[in-house]
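*Asks:* Sharing a sequence plus its predicted fold:
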Amino acid sequence: MRNMAEDSIYRHLLAYSVPLIFGNILQLTYNVVDAALVSKGVGIAALSAVSVSDPVATLLVQGISGIGIGASVHMSRYYGAGDMEKLKRALSTTLLFGSVASILLLAPGLLLANPILRVLHVPGDILSSAVLYLRLLFVGSFFTFQYNILSGALRAVGDSRSPVLFVALSSLLNAALDVLFIFPLSLGVFGAALATVISEAVSALLCFIYVYRHVPALRLRRGEFRLDHAMLRRILSSGMLTALQQSCQPIGKLLIQSVVNTQGISVIAAFNAAAKIDDYGRIPAQTISHGMMTCTAQNRGAGKLSRTQETLRKGLLLGLLCYPIAASLILLFRAPLMRIFVPKSGGEEMFRIGVSYLSVKALLLIYPCLTNGMQGYFRGMNRMTVTLLSTLLQISVRTLFVYLLVPRLGINGEAYACAAGWTVMLLFAYGCYRSQRVPAVRKIIDVY
């Protein structure tokens, strides 16, 4: 555990972020392994079936993680204030609420998988495989929620290392099961989805065992498993806004995907494969943002508001220092990375489109370095309305430009649309930050 209300903020952010960077790399890698093995073992049509399901699955996961982030902000604040009773109450309430919610969402998810994919203009020759893949991911949502809450609780008390170990083990298991299910057993898309569900269940179980045995501050005894309605209202007031904010991106991605889906199977495969590579470039900014959120919330709980401002400045600087490294790596390795997804035959068009897209997108990575940092700060200050509105603006502008540019420029138009959305988001977030420095506005923020 790490108390970020004392000592060097740079040291805290780096110590927190570095393990999380490796964890997120592993998380993305097992998604890449899924896609690469499906492409090599089953073909480009199967890869496209998995790819078109991703935005819907991401919407589910982001909604879940939004609740977890909202709960984590409160838990970080209670930990910073030294209130261990409220810390445990927040954890038990979130776990119980999440368990019931994920079970209730299972039946609608299974029933609506087919209609949702039809609305997204998924080509008929890959529709049945996409529906099967998506339905299995809905089954695994229970385990996804449990892992997100438990790993969020660990990060709330400053432990970002342990979740990395669970992700590492889960990634290795996922890769091994992918090879087994796709090649010797020839289970295709079903095998890829089944491997993902099993690995998620294992990571959730390992996280629960670790918390119970090694983290007394989060260890819940039998009598402590209860749902506190007042606590739930506080968590949901933050968590639902964060869930909405987290869900805006995949909802926008669904709209964007519906435009991309009209461009043909090669474009679908190229866009989604390149997006997975682009995600690697965003990892440093995202993890530093998580560190900023935890550091800001702990210092807010400890009443050290001057350190929250310091966290913002130093966190943004660290994010900007990561930009040239991330952009250079994407530009240098974009071709060999795209080759990972290309099937043995018939994938040259997909390869060409993906490399061209990454050439543009890598140069734009400076935007997430700034916008993610601002989001982390506002979350830590529990100003979830700002994060929601800024994300709504970003995705609305991005989606509008996608509809205008992609039919004319191909998927490179999506990269330019991202730049437009991020610019608007950054201007809005900066305006909100400046407004809180007005004494009357600051007084209201401090009260809440």
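*Replies:* Sure, I can see it.

*Asks:* For the helix or strand hosting A275, enumerate the helices and strands it packs against.
*Replies:* Element membership for A275 (DSSP states H and E) is helix 265-301. Judged by 3 or more CB pairs under 8 Å, 6 or more residues apart in numbering; DSSP states H and E, helix 265-301 is in contact with helix 9-41, helix 44-81, helix 141-156, helix 229-260, helix 305-339, helix 348-361, helix 366-380. Just so you know, the C-beta spots here come from the backbone N, C-alpha and C atoms, and that holds for glycine as well.

*Asks:* Kindly calculate the angle that the helix or strand harbouring L165 makes with helix 9-41.
*Replies:* In this assignment (DSSP H and E), L165 forms part of helix 162-182. Comparing the axes of helix 162-182 and helix 9-41 via axes from the mean of the first three to the mean of the last three CA atoms, to 10 degrees yields an angle of 0 degrees.

*Asks:* from the chain's centre, how far out does the host helix or strand of A130 sit?
*Replies:* A130 is located in helix 124-139, with elements delineated by DSSP H and E. From the chain centre to the centre of helix 124-139 is a distance of 21 Å (CA atoms, centre = their mean, to the nearest Å).

*Asks:* That one packs against which elements?
*Replies:* With contacts defined as 3+ CB pairs under 8 Å, 6+ apart, helix 124-139 has these neighbours: helix 44-81, helix 84-119, helix 188-214.

*Asks:* In the stretch 251-400 of the chain, where is pLDDT below threshold?
*Replies:* Applying pLDDT under 70 to the stretch 251-400 of the chain flags the ranges 343-346.

*Asks:* in stretch 184-198, what's buried?
*Replies:* Residues of stretch 184-198 classed as buried: L187, G188, V189, F190, G191, A192, A193, L194, A195, T196, V197, I198 (neighbour count, 16 or more other CB atoms under 10 Å).

*Asks:* how about JSON lines for those, with pLDDT and distance to R221 added?
*Replies:* Output for these, formatted as JSON lines (pLDDT from 0 to 100; distance: CB to CB, whole Å):
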{"residue": "L187", "pLDDT": "75", "distance to R221": "42"}
{"residue": "G188", "pLDDT": "74", "distance to R221": "45"}
{"residue": "V189", "pLDDT": "76", "distance to R221": "43"}
{"residue": "F190", "pLDDT": "79", "distance to R221": "40"}
{"residue": "G191", "pLDDT": "81", "distance to R221": "40"}
{"residue": "A192", "pLDDT": "78", "distance to R221": "39"}
{"residue": "A193", "pLDDT": "80", "distance to R221": "36"}
{"residue": "L194", "pLDDT": "85", "distance to R221": "35"}
{"residue": "A195", "pLDDT": "84", "distance to R221": "35"}
{"residue": "T196", "pLDDT": "81", "distance to R221": "33"}
{"residue": "V197", "pLDDT": "85", "distance to R221": "30"}
{"residue": "I198", "pLDDT": "88", "distance to R221": "29"}
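
*Asks:* Which one of those is nearest to P19?
*Replies:* Set against P19, the nearest of the buried residues of stretch 184-198 by CB to CB is T196 (23.0 Å).

*Asks:* Now S396: which helix or strand?
*Replies:* Assigning secondary structure by DSSP H and E places S396 in helix 384-409.

*Asks:* any idea how far that helix is from the chain center?
*Replies:* 18 Å.

*Asks:* Give the buried residues for it.
*Replies:* Neighbour count says helix 384-409 has 384, 386-395, 397-399, 401-402, 405-406 buried, by 16+ other CB under 10 Å.

*Asks:* helices or strands up against whatever helix or strand comes next after that helix?
*Replies:* Counting by DSSP H and E, the next helix or strand C-terminal to helix 384-409 is helix 412-435. Here helix 412-435 touches helix 229-260, helix 348-361, helix 366-380, helix 384-409, going by 3+ CB pairs under 8 Å, 6+ apart.
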